[in-house]
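[1] Predicted model, plus sequence, below.
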Amino acid sequence: MSAHRWTAEVVVVGAGAIGAATALELAGRGHEVLVLERGGGWAAECSWGNAGLVCPSHAGPFATRADLGNAARWMTRPDSPLGIAPEPALAGFLTRLLASTRPSVHRRVLAASRAMCLDALEGHRRLAEAHGTGLQQVGLLDTYETPERMQAATAAAAEHRSRGLRPEVLDDTAVRALEPALGAQTVGGVLYPDEAHCDPVSFVEAVGGAALTAGVRLETGTDVLSLTPDATGCTLETTSGTVRAGRVVVAAGTASGRLVAPLGTSVCLRGGKGYAVDLAAEGRDVPVRPFMLQESRVAVTPLGDRLRLAGTMQFTAADMSIDRRRVAGIRGPAARLLPGWADATVVSVWAGLRPCTPDGLPLLGWVDEHQKVALSSGHAMLGLTLAPLAAEQAADLFEGKPVAYAEHLRVDRFALGRGRRRPASAV
């Protein structure tokens, strides 16, 4: 009789957007897959509060050198869109973050991220057609409050056109004609007509449901405590018992770093805290398409009878509490720019940790010398956007095929110091 609670050819740790899509892709290629999730089901954690955008126009690093300068000035502002706590534990991450803002690095990361997002958009279309994920390809609108920012956006639109996007620059009259909910403070906008959005929970549940239909097993309420790979597979100690797998994909968001650290690969992964505030429509006309309030960095997404406001990036201790000042920093700009929603009822407030790397690109590759444990994390605010591509990348890695964008995703690319073993074949 086996001493293992469960066995599987492949175990996927995490049932968010990345984990669900990876499980479906592996099952579709003929692999036996078990998904372990510490929460209550699909999209139980970071994917729940995602803004729901599929947005190549917003690809790239989450912070520039100018952003870091602003963060220093914003340290005393609890409602700022970017917050960095002066904590010793963040020193290594911030050092690498600063290095990633060098112009040459920024250009390389931006190009790779945008190309990945464009590929992922095609994957979203395929998933929507096959599994009814609720994808709506009606565009994304960036809005601006100041002539200076609008002028800069107009200049940037030319560069975006050369990179495969189709931005349409709109003046104040045109932008309010396109979106009547916007108030008089909006001086203009840029429409990206090919971009899309969906309810993130509906997406993950649709993809996860398709995975179950394809034979994937899901075990919830199961927290993975440790991974022990060897020459023939990997043993997972969990809160539900011991699990034996041929191979493992760790797609557990910010928890991924804790799981792979003992295996000898130095990964630089931190949680960037974000918020989502859902407002009830209550008879209001819900906007047709999502938009970004650029000065305040607040995403506004229509989700049926709700309007989701999502924003902030806060690097601090792993604190999941709700800071009402941060919530006000999201609601305030939205109330000012969407006056018809200023007194809307708040349905829910969510806070969670996005898994972030210093350069904003994900981590994908083997993290042990036996090539039994792979890491797929660090997608930051683009987890939903990149999920279809991340699934294909992980499956190609498992099957020994060339992995798209492999040179940008190495799991050990931020390693510093001695005493860290490099995986036998890291991507």
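    Right, received. Where do you want to start?
[2] hey, let's count contacts and neighbours off CA atoms from now on
    Fine.
[3] all helices for the stretch 151-300 of the chain, in order.
    Assigned by DSSP state H, counting those that start in this stretch, the stretch 151-300 of the chain shows helices spanning 172-178, 200-213, 255-260.
[4] what's the most buried one of those?
    helix 200-213 (a mean of 23; mean count of other Cα atoms under 10 Å).
[5] and the helices of the stretch 151-300 of the chain as JSON lines, adding mean pLDDT?
    Formatted as JSON lines, those follow (pLDDT from 0 to 100):
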{"stretch": "helix 172-178", "mean pLDDT": "96"}
{"stretch": "helix 200-213", "mean pLDDT": "99"}
{"stretch": "helix 255-260", "mean pLDDT": "96"}
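[6] As a markdown table, those helices with distance to residue 63 would be great.
    Shown next, in a markdown table, are those (distance: least, Cα to Cα, whole Å):
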| stretch | distance to residue 63 |
| --- | --- |
| helix 172-178 | 27 |
| helix 200-213 | 24 |
| helix 255-260 | 21 |
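[7] Indicate which one of those helices is closest to residue 123.
    helix 200-213 (12.1 Å; Cα to Cα).
[8] of the helices of the stretch 151-300 of the chain, which approaches residue 28 most closely?
    helix 200-213 (8.3 Å).
[9] for that closest one, packing partners?
    helix 17-28, helix 103-131 (3 or more Cα pairs under 8 Å, 6 or more residues apart in numbering; DSSP states H and E).
[10] 10 Å instead, please
    Counting contacts by 3 or more Cα pairs under 10 Å, 6 or more residues apart in numbering; DSSP states H and E, helix 200-213 is packed against helix 17-28, strand 33-36, helix 103-131, strand 217-219, helix 383-398.
[11] With mean pLDDT, distance to residue 157 and mean neighbour count added, can I get these in a markdown table?
    Rendered in a markdown table, the data for these read as follows (pLDDT from 0 to 100; distance: least, Cα to Cα, whole Å; neighbours: other Cα atoms under 10 Å):
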| stretch | mean pLDDT | distance to residue 157 | mean neighbour count |
| --- | --- | --- | --- |
| helix 17-28 | 99 | 30 | 28 |
| strand 33-36 | 99 | 42 | 26 |
| helix 103-131 | 96 | 14 | 18 |
| strand 217-219 | 99 | 44 | 19 |
| helix 383-398 | 98 | 21 | 25 |
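[12] and residue 63, which of those is closest to it?
    helix 103-131 (9.5 Å).
[13] Can you give me the neighbour number for residue 232?
    Neighbour count for residue 232, taken as other Cα atoms under 10 Å: 12.
[14] Residue 370 is in contact with that one, correct?
    Yes: Residue 232 lies in contact with residue 370 (Cα atoms under 10 Å); the separation is 8.3 Å.
[15] Quick check: neighbours shared by the two?
    residue 247 (Cα atoms under 10 Å, 6 or more residues apart in numbering).
[16] Just the strands from the stretch 251-400 of the chain, written as ranges.
    270-280, 291-293, 298-303, 306-315, 346-356, 363-366, 373-377 (DSSP state E, counting those that start in this stretch).
[17] closest one to residue 411 among these?
    strand 363-366 (5.0 Å).
[18] Show me what the closest one is in contact with.
    In contact with strand 363-366 (Cα under 10 Å, 6+ apart) are residues 248-251, 260, 265, 267-269, 356-357, 371-379, 390, 393-394, 397-398, 403, 405-406, 408-413, 422-427.
[19] center of this structure, which residue is that?
    residue 383 (2.6 Å; Cα atoms, centre = their mean).
[20] give the contact list for that residue.
    Here residue 383 is in contact with 16-18, 46-47, 50, 52-54, 200, 253, 354-355, 362, 377, 390 (Cα under 10 Å, 6+ apart).
[21] Show me which of those residues are buried.
    16-18, 46-47, 50, 52-54, 200, 253, 354-355, 362, 377, 390 (16 or more other Cα atoms under 10 Å).
[22] pLDDT-wise, what's the bottom of those?
    pLDDT across the buried ones among the contacts of residue 383 is lowest for residue 46, at 91.
[23] Please list all residues in contact with that one.
    So residue 46 contacts 16-17, 200, 252-254, 273-274, 350-355, 380-381, 383 (Cα under 10 Å, 6+ apart).
[24] so who does residue 380 touch?
    Going by Cα under 10 Å, 6+ apart, residue 380 touches 46, 61-62, 253-254, 269-273, 313, 353-357, 360-362.
[25] Look up how far residue 213 lies from it.
    Using Cα to Cα, to the nearest Å, one obtains 29 Å as the distance from residue 380 to residue 213.
[26] Which of the contacts of strand 363-366 are buried? Put it as a ChimeraX command.
    To isolate in ChimeraX the members of the contacts of strand 363-366 that are buried, counting by 16+ other Cα under 10 Å, one can use:
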select :248,249,250,251,260,265,267,268,269,356,357,371,372,373,374,375,376,377,378,379,390,393,394,397,398,403,406,408,409,410,411,412,422,423,426,427
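[27] Next, count neighbours for residue 170.
    21.
[28] excluding its backbone neighbours, what's nearest it?
    residue 189 (5.1 Å; Cα to Cα, 6 or more residues apart in numbering).
[29] ok, now residue 81?
    residue 312 (4.3 Å).
[30] What count of nearby residues applies to the one you found?
    Residue 312 has 24 neighbours, counted by other Cα under 10 Å.
[31] ok, it - contacts?
    Contacts of residue 312 (Cα under 10 Å, 6+ apart): 79-83, 272-276, 296-299, 326-327, 329-330, 351.
[32] Could you rerun that using 6 Å?
    81, 82, 274 (Cα atoms under 6 Å, 6 or more residues apart in numbering).
[33] Please apply the same query to residue 359.
    Contacts of residue 359 (Cα under 6 Å, 6+ apart): 61, 100.
[34] What does the pLDDT read for it?
    95.
[35] ditto for the one 10 residues further on
    On pLDDT, residue 369 comes in at 96.
[36] now swap in residue 400 and tell me
    The model's pLDDT for residue 400 equals 97.
[37] what's around it, how many residues?
    Neighbours of residue 400 (other Cα under 10 Å): 9.
[38] ok, it to residue 204 distance?
    27 Å.
[39] Quick one: residues contacting residue 44.
    Contacts of residue 44 (Cα under 6 Å, 6+ apart): none.
[40] any idea whether it is helix, strand or coil?
    Following DSSP: H, G, I helix; E, B strand; the rest coil, we place residue 44 in the coil state.
[41] do you know which of the helices and strands packed on helix 200-213 lies nearest residue 183?
    Among the helices and strands packed on helix 200-213, helix 383-398 sits nearest to residue 183 (Cα to Cα), with 28.8 Å.
[42] how big is the angle separating that closest one from helix 200-213?
    Per axes from the mean of the first three to the mean of the last three Cα atoms, to 10 degrees, the angle that helix 383-398 makes with helix 200-213 is 30 degrees.
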